[in-house]
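Enquirer: could you look at this predicted model? Sequence included:
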Amino acid sequence: MRILSYCKINLCLEVLGRRPDGYHDLATIFQTVSLGDELILKPNQSSCIRLLVDGNAPTGEDNIVHTAAKMLLRSKECGIDIILRKGIPSGAGLGGGSSDAASTLEAVNKLCNLHLSHEHLLTIASSLGADVPFFLYGGTAVGRDRGDKISPLPYRREYYFLLHVPPFRLERKTQRVFAALQPREYTDGTFTVQLSRKIAAGQQITNADLYNSLFPAAVRVWPQLARRHDALQEITHQAWVLSGAGPTLYTIVESFQVGKKLLEDLRQLDGQSFLVRSTPVAREYQDL
Ligand SMILES: C[C@@](CO)(OP(=O)(O)O)[C@H](O)COP(=O)(O)OP(=O)(O)OC[C@H]1O[C@@H](n2ccc(N)nc2=O)[C@H](O)[C@@H]1O
Ligand SMILES: Nc1ncnc2c1ncn2[C@@H]1O[C@H](COP(=O)(O)OP(=O)(O)O)[C@@H](O)[C@H]1O
């Protein structure tokens, strides 16, 4: 089985407060977009999990794909051979590892005939990471609690986005950005409610609707991010927003043609830029 496993952006991300378990309560709107990792999975008779990684992600047992497969195959006869080819930049706020993990859960469930329910997979996904359950839905969806309680929104319109991934990286980035957040930056979820109503009604959304409470905290962690954000606005004359805990920034573009022109203009910046479209699903399947 071959899978193209898409990444996400957060159209809106509000932090409501800190939880007793050290996590934060979120109100966020996820959207999958057409930049993906390739996963090739084949069941084997040897009852072991073999993973080959091509690209910038941990190898072997340190990869979340391995952990996801192991959680399903513990004490099962079936084993699995997996090849992961990274197309999604790692540690960028695009949820690449979470997407790979959810794709692995779905694929192993099918290939090894485990017949686990969607609810069962959601519980396992949530234990793998706060972002993983969303990728069992894909498209557009609201995330609440740790971001793992998902309510899908109808997918009414296609959008083009420019993503810019600056070359800054940091170990345990998400944890550090949340730690840099100040209580005065908490909001009450109103932005998320307003934007989800607009999406549900099929109205066109614009850059003015997008919001991310983590931007000031991300700038505290990467002071260079503020300059990069300004440079993007100056080059494109558009507003740019942070995805997740960053450092990826993105903007809605009015068409593929406008996006292509702006993508050319972004070549003067180091890092990576992509022109993507929204997708109604988290992954595409192709039988081998
Ligand atoms: C911030 C978001 C927004 O979509 O995206 P990314 O930038 O990572 O892609 C996610 O909530 C990230 O989800 P995920 O990457 O799965 O996070 P986890 O591994 O579960 O958590 C990593 C760390 O982030 C912090 N964390 C995460 C989620 C949350 N609701 N509150 C938190 O405080 C905690 O310190 C936790 O230890
Ligand atoms: N399959 C994977 N792809 C990417 N990163 C992975 C994977 N498995 C484990 N990781 C680890 O998870 C961290 C977060 O990765 P990723 O999901 O790409 O970022 P983000 O949380 O910023 O969206 C990486 O820095 C890497 O060490």
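Expert: Yes, it's here. Ligands and ions are numbered 1, 2, ... in the order given.
Enquirer: tell me the secondary structure for the residue of the chain found nearest ligand 2?
Expert: Of all residues in the chain, the one sitting closest to ligand 2 is residue 97 (2.9 Å; C-beta to the nearest ligand atom). Bear in mind the C-beta positions are built from the backbone N, C-alpha and C, glycine included. Taking DSSP: H, G, I helix; E, B strand; the rest coil as the rule, one finds residue 97 in the helix state.
Enquirer: ok now do the residue nearest to it when sequence neighbours are not counted, which residues does it touch?
Expert: In this structure, residue 97 finds its nearest non-sequential neighbour in residue 64, 4.6 Å apart by C-beta to C-beta, 6 or more residues apart in numbering. Going by C-beta atoms under 8 Å, 6 or more residues apart in numbering, residue 64 touches 97, 98, 100, 101, 128, 129.
Enquirer: host element of the third one?
Expert: Think residue 100. helix 96-111 (DSSP states H and E).
Enquirer: got any ranges where this protein has weak pLDDT?
Expert: 287-288 (pLDDT under 70).
Enquirer: all strands of the stretch 101-250 of the chain, in order?
Expert: Applying DSSP state E, counting those that start in this stretch to the stretch 101-250 of the chain gives strands spanning 140-144, 149-153, 160-165, 211-212, 241-242, 249-253.
Enquirer: let's have these in CSV, adding mean neighbour count and distance to ligand 1.
Expert: Formatted as CSV, the strands of the stretch 101-250 of the chain follow (neighbours: other C-beta atoms under 10 Å; distance: least, C-beta to the nearest ligand atom, whole Å):
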stretch, mean neighbour count, distance to ligand 1
strand 140-144, 23, 7
strand 149-153, 16, 11
strand 160-165, 23, 12
strand 211-212, 23, 9
strand 241-242, 24, 9
strand 249-253, 23, 12
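Enquirer: so for residue 78, which of those sits nearest?
Expert: Nearest to residue 78, of all the strands of the stretch 101-250 of the chain, is strand 149-153, at 27.8 Å by C-beta to C-beta.
Enquirer: mind checking how far that closest one is from the chain centre?
Expert: The chain centre lies 15 Å from the centre of strand 149-153; the measure is C-alpha atoms, centre = their mean, to the nearest Å.
Enquirer: other residues contacting that strand?
Expert: With C-beta under 8 Å, 6+ apart as the criterion, strand 149-153 contacts 29-30, 122, 133-134, 136-137, 139-144, 196, 199-200.
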